[in-house]
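> From the sequence below, what's the structure:
(2 chains, ligands or ions: 2)
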Amino acid sequence: MPKNKELILQVKDIHKSFGDKEVLKGISFEVHKGETKVIIGPSGMGKSTLLRCINQLTIPDKGTIWLRGQEVNHHNARQINQFRQKIGMVFQDFNLFDHLNAVSNVEIALIKVKGMKKQEARDKAMSELQKVGLVKQAFLYPAELSGGQKQRVSIARALAMDPEVMLFDEPTSALDPELIGEVLGVMQKLAQEGMTMVVVTHEMGFARSVADEIIFLERGRILESGPPEKLFYQPEYERTRKFLFKLTELYGDIKGYHKR
Amino acid sequence: MENLMVVYEALPFLLQGIITTLGLVLSALFLGFIIGVPLAIGQVFASSWIKKIIAIYVWFFRGLPILVLLFLFYYGLFTMIGLNLTAFMAAVLVLGLRSSAYQSQIFRGSIQSLGKGQLMAAYSLGMSKGKAIWNIILPQALRISIPGWSNEYPAMLTESAITYAIGVMEILTRGNFIASRTYLPMPIYLTCAIIFLLLSYSGMKLLHLLEEKVRMPGFEK
Ligand SMILES: Nc1ncnc2c1ncn2[C@@H]1O[C@H](COP(=O)(O)OP(=O)(O)OP(=O)(O)O)[C@@H](O)[C@H]1O
Ligand SMILES: [Mg+2]
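Ligands and ions are numbered 1, 2, ... in the order given. Predicted coordinates for the structure are as follows:
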């Protein structure tokens, strides 16, 4: 990825401990406009914690987050709420609002947070649902949707806020294998359309074909990072090679994707 | 025959008690609701010292017999602070406050059963805590609460008769009045009982309808 592109997100020296367990030991990276960063790493190594630190759902013990050159001040609740609007987040288990149908899930923050008029919000929500291929399901409730559909609604919900960057926390881990493709497809399309994304995933096929950079998180640090070609074929560390090999074996290499 | 005549003549007087009883029950439930909901929210989301205060409040109102509360407030506290309440208003207050302690526990359970995920999602969209609670948590928590909450109505209805002790003119107080004059306790008290049962039955029916109406699709009872 060309480095002359606009800098969107800066993660600087993030530390986080739970009790006496230090989960993140100084994580730093930058995301430029239109880039897709894929974060991988063994289970329980703080990938979710890192994403939550980025949008301040978890407050880091140390370190700073910068969005377009502006530092996020976690003491200012108003500023955090505004900042979070610009950061879309997609969760492993969807976290749709169960009492609202698909389109209401997408429009509620437009109305309650952005103060949009109802009709305007409805139109916007519908067009977001169209992007993820769910117009027909607009009036179904979460309990009436499949896992893949739920995750696509949650992507539409995040997109509706017109975020600067999207965070995905293992968006396909809770899905049946046959439903993974439809969600990855939506994400791939987003990446192609120039969305800036940080994705935690085990889907190596997706990582290879979409990621500009893969970040390998281990024991609270970034062990190694670089473009997929480098990490897959010339990793600096044997551990990286082993881990990628294992993931590829476990999750398959390419699920309906072609290498670039 | 004589029994029937007595009941017939007493009926208008007894039926007027329905207004008082229902007024008392509904007001107290309403008061319990509008205090119980914030208490529940506080118990889940507020700072630890507020949680402690609420816990003491709940413990106090659940730990004392209703009669003790009624006497304590009506003859004690209200008189002491110069609050000149009718027996009816005092009963509404006491039963309402007591109910708020019970109701808060129902709502608290529902809120906690929702889990943190949806709250996180709401925050991630830029909602403040207040907006997230109001728009996401409460609508669901209240719906989940209806079956548990439905028990509050018959409970309150049966408990309301105890306000006879401070002279609230509810059904039992009126029954008692007539029974002691006619020396025919059985038919009179039986009539009172039937009135209570009918009130209980129709109230439960209404609550059931409400439950059906606001059910979230896909969520079975
Ligand atoms: N709120 C919390 N309180 C205490 N410990 C926590 C909390 N959140 C996470 N942890 C711990 O921090 C560690 C990292 O958790 P995290 O969920 O970030 O890992 P992860 O890399 O996302 O794992 P997975 O691949 O299983 O999703 C784990 O050991 C977890 O138990
Ligand atoms: Mg995780």
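
> So the residue of chain A found nearest chain B versus residue A:102, what's the distance?
Closest contact between chain A and chain B, by Cβ to the nearest Cβ, is at residue A:143 (2.3 Å). For the C-beta atoms, the positions are set from N, CA and C on the backbone; glycine is no exception. Distance of residue A:143 to residue A:102, computed by Cβ to Cβ, to the nearest Å: 11 Å.

> Who has more neighbours out of these two?
Higher neighbour count among residue A:143 and residue A:102: residue A:102, with 30 against 13, using other Cβ atoms under 10 Å in any protein chain shown.

> ok, now which ones touch the residue nearest the centre of chain B?
When chain B is reduced to its mean C-alpha position, the nearest residue by Cα atoms, centre = their mean turns out to be residue B:29, at 3.1 Å. By Cβ atoms under 8 Å, 6 or more residues apart in numbering or on different chains, residue B:29 lies in contact with B:96, B:99, B:152, B:153, B:156.

> Kindly tell me how buried the residue in chain B positioned nearest to ligand 1 is, as a neighbour count.
Across chain B, the shortest distance to ligand 1 (Cβ to the nearest ligand atom) belongs to residue B:116, at 9.2 Å. Each residue near residue B:116 was counted by other Cβ under 10 Å, and the total is 11.

> Now do the phi/psi pair for it.
Torsion angles at residue B:116 (phi, psi; degrees, to the nearest 10) stand at phi -90, psi -20.

> Let me see the ranges of the strands in chain B.
Assigned by DSSP state E, chain B shows no strands.

> Close to chain A: what parts of it are there?
Contacts of chain B with chain A, taken as Cβ under 8 Å from any Cβ of the partner chain, map to B:117-118, B:120-128, B:131, B:135-136, B:139-140, B:143, B:216-219.

> Could you pick out the buried ones from those?
Listed as buried from the residues of chain B next to chain A are B:118, B:120-128, B:131, B:135-136, B:139-140, B:143, B:216; burial here means 16 or more other Cβ atoms under 10 Å in any protein chain shown.

> circling back to that earlier point, quick check: the residue of chain A closest to chain B touching residue B:215?
No: the pair residue A:143 / residue B:215 is not scored as a contact, 10.8 Å apart, by Cβ atoms under 8 Å.

> So in chain A, where's the weakest helix or strand by average pLDDT?
In chain A, the helix or strand scored least confidently by mean pLDDT, DSSP states H and E is helix A:238-251, which has a mean of 83.

> now stretch B:160-180, how far from the chain's geometric center?
The chain centre lies 19 Å from the centre of stretch B:160-180; the measure is Cα atoms, centre = their mean, to the nearest Å.

> show me the contacts for the nearest residue to residue A:170 once chain neighbours are set aside.
In this structure, residue A:170 finds its nearest non-sequential neighbour in residue A:92, 4.4 Å apart by Cβ to Cβ, 6 or more residues apart in numbering or on different chains. Residue A:92 makes contacts with A:48, A:169, A:170, A:171, A:173, A:174, as judged by Cβ under 8 Å, 6+ apart.

> Out of the residues you listed, which sit inside strands?
The members of those that map onto strands under DSSP E are residue A:169.

> check the contacts of residue A:92 against ligand 1, which are close?
residue A:48 (Cβ under 6 Å from any ligand atom).

> quick one: which of the contacts of residue A:92 is most hemmed in?
Ranked by the number of neighbours (other Cβ under 10 Å), those place residue A:171 first, at 28 neighbours.

> And the pLDDT for the nearest residue to it once chain neighbours are set aside?
Using Cβ to Cβ, 6+ apart and skipping residues adjacent in sequence, the residue nearest residue A:171 is residue A:90, 5.0 Å away. Looking at residue A:90, its pLDDT is 97.

> Residue A:90: neighbour count?
Counted with other Cβ under 10 Å, residues neighbouring residue A:90 total 27.

> try the one 4 residues further on
Residue A:94 has 24 neighbouring residues, counting by other Cβ under 10 Å.

> Could you pull out the strands in the stretch 1-150 of chain A for me?
Using DSSP state E, counting those that start in this stretch, the strands found in the stretch 1-150 of chain A span residues A:7-18, A:21-32, A:36-40, A:62-67, A:70-71, A:87-90.

> Just send those strands back as JSON lines, with distance to residue B:14 too.
Shown next, in JSON lines, are these (distance: least, Cβ to Cβ, whole Å):
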{"stretch": "strand A:7-18", "distance to residue B:14": "64"}
{"stretch": "strand A:21-32", "distance to residue B:14": "68"}
{"stretch": "strand A:36-40", "distance to residue B:14": "73"}
{"stretch": "strand A:62-67", "distance to residue B:14": "70"}
{"stretch": "strand A:70-71", "distance to residue B:14": "72"}
{"stretch": "strand A:87-90", "distance to residue B:14": "61"}
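
> got a list of contacts for stretch B:64-72?
B:61, B:90, B:91, B:94, B:95, B:98, B:159, B:162, B:163, B:165, B:166.

> Likewise for stretch B:105-114?
Applying Cβ under 8 Å, 6+ apart, the set of residues contacting stretch B:105-114 from outside is B:36-37, B:39-41, B:43-44, B:58, B:137, B:140-142, B:144-145, B:148-149, B:152.

> Which of those residues fall within helices?
B:36-37, B:39-41, B:43-44, B:58, B:140-142, B:144-145, B:148-149, B:152 (DSSP state H).

> Helices of the stretch 101-250 of chain A, residue ranges please.
Assigned by DSSP state H, counting those that start in this stretch, the stretch 101-250 of chain A shows helices spanning A:102-112, A:118-131, A:147-159, A:177-192, A:204-210, A:228-233, A:238-251.
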